[in-house]
Structures are given as C-alpha cells and as structure tokens.
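**Student:** could you work out the structure for the sequence below:
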Amino acid sequence: MPGWVDALAFWLTLTFMLVGLIGLIIPIFPGITVIWLAALIYGLVTGFDILGVIMFLLISLGLLAGVSVDNILMGAGARQGGASWWTVGIGIVAGLAGTILLPPFGGFIAAPAAVFLVEFWRNKEWRSAWRATRGLALGCGLSFLVRVGIGALMIALWLIWALV
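**Tutor:** I've put the predicted structure just below:
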C-alpha cells in the first residue's frame with residue numbers, strides 16, 4: 001500500500017475518533033461507537049495483523065464497557081440514594097424512552113423525573129425522592145467522565161496499533 005494511503009487512513013481515522021470523543025458531550029451522539037467504527041474501518045483498510053487483532057479486541061471491550069456504563073452508574077447512584085430496584089428499572093426505561101422521543105435531552109429529563117415521581121409515590125416523602133434523584137444525577141455525571149476515559153483509552157490503544 002502506498003505511503004500516502006497509510007497516512008490518509010491514519011489521519012482520517014484519528015479525526016473520526018476525535019470527533020467521537022468530543023461527541024461524547026452530546027447525549028444522543030454515539031461517540032464510543034464512532035470511535036469503534038473508525039478502528040474497524042482502519043483495520044479493514046490497512047489489514048489486521050496480530051497486534052491489530054489484539055488491539056481491536058481490546059477496543060471492542062471498551063465499546064461494550066462504554067455503552068453499558070451509563071445504566072450501571074446511574075442505577076448504582078440511585079440505589080445509593082435509596083431508590084428501589086423497581087425505581088431504578090423505571091428510571092432506565094424512562095431515560096431510554098425520553099432519549100428516543102425527545103432527543104437529545106429527553107432522557108436527561110425523563111429518567112430523573114421518573115425516579116423522583118416513583119420514589120415520592122413509594123415513600124410519600126419528597127426528601128427521600130430527591131436523595132434518590134440526586135444519586136441518579138451523580139451517577140450520570142460520573143458515567144460521563146468514565147465514558148470519556150474509556151474513549152481516550154480506545155484511541156490510545158488504536159494509536160499503539162497504528163504507530164507500532
């Protein structure tokens with residue numbers, strides 16, 4: 001493969017990965033998936049050697065972790081705030097429905113609202129409902145930081161693959 005094709009593949013892949021990383025700020029933009037797809041296309045264009053296969057498998061594990069971390073950390077935050085498992089489940093479903101029906105911020109409105117309302121209905125006490133909702137919000141903030149870290153790690157793994 002000519003050197004200019006390798007250089008073009010490298011810079012295009014890096015550009016798309018950085019777009020994916022920056023896109024993690026936008027709730028509905030699948031930044032982690034964009035990073036993974038860029039690595040996949042890079043491998044298809046340049047070929048998968050042993051290092052490429054290993055790095056792509058690790059990048060794929062990052063994808064799985066990155067798309068799961070929201071629900072895990074938000075649910076854990078709500079549980080730590082006193083929410084029941086039933087409330088956590090309703091909050092996750094409401095967040096998914098809100099994201100689909102009112103993108104890009106519908107999920108960020110629907111999930112906390114559902115957690116607050118269900119916990120208020122369950123306990124008849126607004127302070128405990130607020131505590132559970134605050135836990136969900138803290139879990140959401142933490143998941144954003146973790147997703148950015150996972151995205152950066154995925155890019156670093158790709159850089160090792162591309163530069164070694």
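**Student:** C-alpha from now on. contacts and neighbour counts both.
**Tutor:** Noted.
**Student:** where does pLDDT dip in this structure?
**Tutor:** For the chain, applying pLDDT under 70 flags the ranges 1, 27-28.
**Student:** rerun that using 90 as the cut-off
**Tutor:** Within the chain, the ranges that satisfy pLDDT under 90 run 1-7, 23-30, 67-85, 88-89, 91-92, 95-112, 122-126, 128-129, 131-141, 143-144.
**Student:** which residue ranges of it form helices?
**Tutor:** According to DSSP state H, the chain carries its helices in the segments 3-23, 31-46, 50-80, 85-101, 106-123, 126-163.
**Student:** arrange those in a markdown table, one row each, with mean neighbour count as further columns.
**Tutor:** What follows is these, written out as a markdown table (neighbours: other C-alpha atoms under 10 Å):
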| stretch | mean neighbour count |
| --- | --- |
| helix 3-23 | 16 |
| helix 31-46 | 20 |
| helix 50-80 | 19 |
| helix 85-101 | 19 |
| helix 106-123 | 20 |
| helix 126-163 | 20 |
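**Student:** next, K124: phi, psi?
**Tutor:** K124 adopts backbone torsions of phi 60, psi 40, taken as degrees, to the nearest 10.
**Student:** how near is it to W11?
**Tutor:** Distance from K124 to W11, counting by C-alpha to C-alpha, to the nearest Å: 57 Å.
**Student:** equivalent analysis for V164, please.
**Tutor:** V164 is 15 Å from W11, by C-alpha to C-alpha.
**Student:** which other residues reach stretch 113-127?
**Tutor:** For stretch 113-127, contacts defined as C-alpha atoms under 8 Å, 6 or more residues apart in numbering pick out 83-84, 87-88, 90-91, 94, 128-130, 132-133.
**Student:** now do it: distance to the chain's middle.
**Tutor:** 27 Å (C-alpha atoms, centre = their mean, to the nearest Å).
**Student:** could you do stretch 130-148 as well?
**Tutor:** Put simply, stretch 130-148 sits 13 Å off its chain's centre (C-alpha atoms, centre = their mean).
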